[in-house]
Every structure is written in structure tokens, then in C-alpha cells.
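J.: fold the following.
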Amino acid sequence: MPNPTITSSSYAGEFAGKYIAASLLTAKTLDDAAISILPNIKYKAAMKVGAFSNLVRSADCDFDSSTSGLTLTEKVLTPAELQVNLQICKKELHADWEAAQMGFSAFDNLPPLFSDFVIARVAAEVASATESSIWSGSSGEGNFDGFVTLAGADSTVVDVSAATVTSANVIAQLGAIVDAIPSGVYGADDLIIYVSQNIYRAYIRALGGFGASGLGAAGYDNKGNNQSLDGLFFDGVKIYPSSGFADNRAIAARSSNLFFGTGLLNDRNEVKVIDMSDIDGSQNVRVVMRYTAGCQIGVGADVVLYS
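T.: So this is what the prediction gives:
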């Protein structure tokens, strides 16, 4: 079986976009469309946020706009440039790839569709890293500012002091978050309380009657600890858990006010799977992936940070 050419596993620009999308957009928050996604940012995106004042006034015969106004503020989302450089020895792949596809000679050939196999494995790891960055990331090596970092740096965001959340206090803690949600935001169809895994587990435990919320031994809906993991609400607001949060962290916001940006059509995108056997005689395969990703908050005053 001849070795495939390197170019057959090399993709650039928009042709690499489908592989970048498979890596980034399978992060749970993005896959669930739990926030807003801007998929085609070349370098940066300017988001203009408008606020009207005194828009409605008593009617008369004159046109008078002197008391009405529109204030525009601008937020910029600049995706960070990121990359993956990985080298794998073919010998390590025998357990995951059938010997028949690897070939039976001592000098293994890169198997058909092996590039897709490797990219899929790498994509899963990139998705996991992206999920963490979206919520807890801080600009630095291989990272970008996530929503907790962005909200913490925004003086207009409503802050609620966090506690160590347990089933005994989770009702009170979620109540404090809901109480802090601005009146103009509460009741919005896309309002969500995004929470860490430990808060979500504590809430489920409390619903089972094991918290100090007066639910009794049978818990909510008489289901005890057989509560559903999906579709939970608190005071009418959807609860969404993410593994990307550190423990005891939460954000309440409209999904339309939290933005993730990348450039699926960016000319700088690149995905390569390189068989090194024809280059240096080794049994290694190299994976190269270059892409962009970043987050931004639209209106900080409409966000509650529990931290």
C-alpha cells in the first residue's frame, strides 16, 4: 500500500474551516447554541450596543427630538490566534486502529482516512479546551479571555459574592443570583443562569429533598433523587451547567448577550496531517492546526457574575 501524499491531508483557509468547526463548535456550550456564535470574523468584530433615552413623550403638533437620544457604545471581539502541534508514533495507534487498515508490513503505511481519524481525536481535545476557555479562560499561552474573566474586568457587571455551594445552601445562592438580575433582563426568553458542575449537582440534590429547602424526603415532584439532569429551571430561569467553570462560579445573562467568535473562512486557518516516513524515515505522524477563537460580552450591565 503506497504512502499517501502529504498534500492530500493538508487544508488551508476556508477549506480548513470544516475541520476547525468540528474542533471548536463541538464544545458543549457551542454545540448546544447556549451563547451567540460569530463564525466568520477575519481579524476582529465591532459590536455596537445602543441604548435609547426618553424615546416616548407626550404628543403635540411639533417634531422635537431634543429630549430623546441614542447612545452607542462599542465592544470589540478580537479572536486569539491558536495552534496545535502534535507528533504521534504510528506504533502507538495499533490499539485504536485495526491492523488490517494499518497494513501488515513492519513498516506501516499511513492508513486510508487515517488523517480524519487523527483530526477527530485532536478535535475532541480542542473542543474540551475551548469549553474551558469560554468560561474560565484568561489570555495567555494557548488561551483567551473567557466570560468570567471578561465579566470580572467590567465595572458595569452586577457582582454577587460566591460561597461554597452545597445542597443545603444552593437554593439561597441561586436566589441571590436571580435577585441581582436587572428587571429589564428578567423574563427574557433567552435568559440563562450558567453554572459550574458542583452548583448543578447541589441543585439536583436539593430538589431530591436532601437540602434545607423544605421539599421533604420525596423531593420535587415526589421523585426523590431521581431528578432529571436536563431542563432544570430556578424561579423561571433556565439553568445550564458547563464543565468549563471552576467550582462555585456562575453567570446569569441572555444568550444573545454572550458572544463567541472565530474565523471559519480565515485565510490563516490550517489543518495538516503529515506522514514523516517519507521526510525523515521515522514512524511519526505530525498534526498541525491553526485557528482563531475568542469571547466578548455585549452589555455588561445586563450580566450577573457569581464569583
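
J.: got the buried residues for whichever strand or helix holds residue 294?
T.: Assigned by DSSP states H and E, residue 294 belongs to strand 284-297. Neighbour-count burial for strand 284-297 flags 284-287, 289-297 (criterion: 16 or more other Cβ atoms under 10 Å). Placement of C-beta: from N, CA and C, glycine included.

J.: residue most distant from the centroid, the chain?
T.: In the chain, counting by Cα atoms, centre = their mean, residue 61 sits farthest out from the average C-alpha position, at 51.9 Å.

J.: sorry, back to before: which one of the buried residues of strand 284-297 is nearest residue 56?
T.: Set against residue 56, the nearest of the buried residues of strand 284-297 by Cβ to Cβ is residue 297 (28.2 Å).

J.: which residues in the stretch 101-250 of the chain form strands?
T.: With DSSP state E, counting those that start in this stretch applied, the stretch 101-250 of the chain shows strands at 158-160, 191-195, 233-234, 237-241, 250-254, listed in chain order.

J.: nearest to residue 141, out of those?
T.: Closest of the strands of the stretch 101-250 of the chain to residue 141 is strand 250-254, at 24.4 Å (criterion: Cβ to Cβ).

J.: what does whichever helix or strand comes after the closest one rub up against?
T.: Of the helices and strands lying after strand 250-254 in sequence (DSSP H and E), the nearest is strand 258-261. Applying Cβ atoms under 8 Å, 6 or more residues apart in numbering, the contact partners of strand 258-261 are 29-30, 35-39, 41, 45, 47, 77, 79, 134, 147, 251, 292-298, 303.

J.: quick one: list the elements packing against the following helix or strand past strand 258-261.
T.: Per DSSP H and E, strand 258-261 leads on to strand 270-275 as the next helix or strand towards the C-terminus. Here strand 270-275 touches strand 10-12, helix 114-136, strand 284-297, going by 3 or more Cβ pairs under 8 Å, 6 or more residues apart in numbering; DSSP states H and E.

J.: and those, which one averages the lowest pLDDT?
T.: Among the helices and strands packed on strand 270-275, strand 10-12 has the lowest mean pLDDT, at a mean of 55.

J.: about what we covered before: present the helices and strands packed on strand 270-275 as a markdown table; the columns should include distance to residue 247.
T.: Converted to a markdown table, the helices and strands packed on strand 270-275 look like this (distance: least, Cβ to Cβ, whole Å):
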| stretch | distance to residue 247 |
| --- | --- |
| strand 10-12 | 38 |
| helix 114-136 | 11 |
| strand 284-297 | 20 |
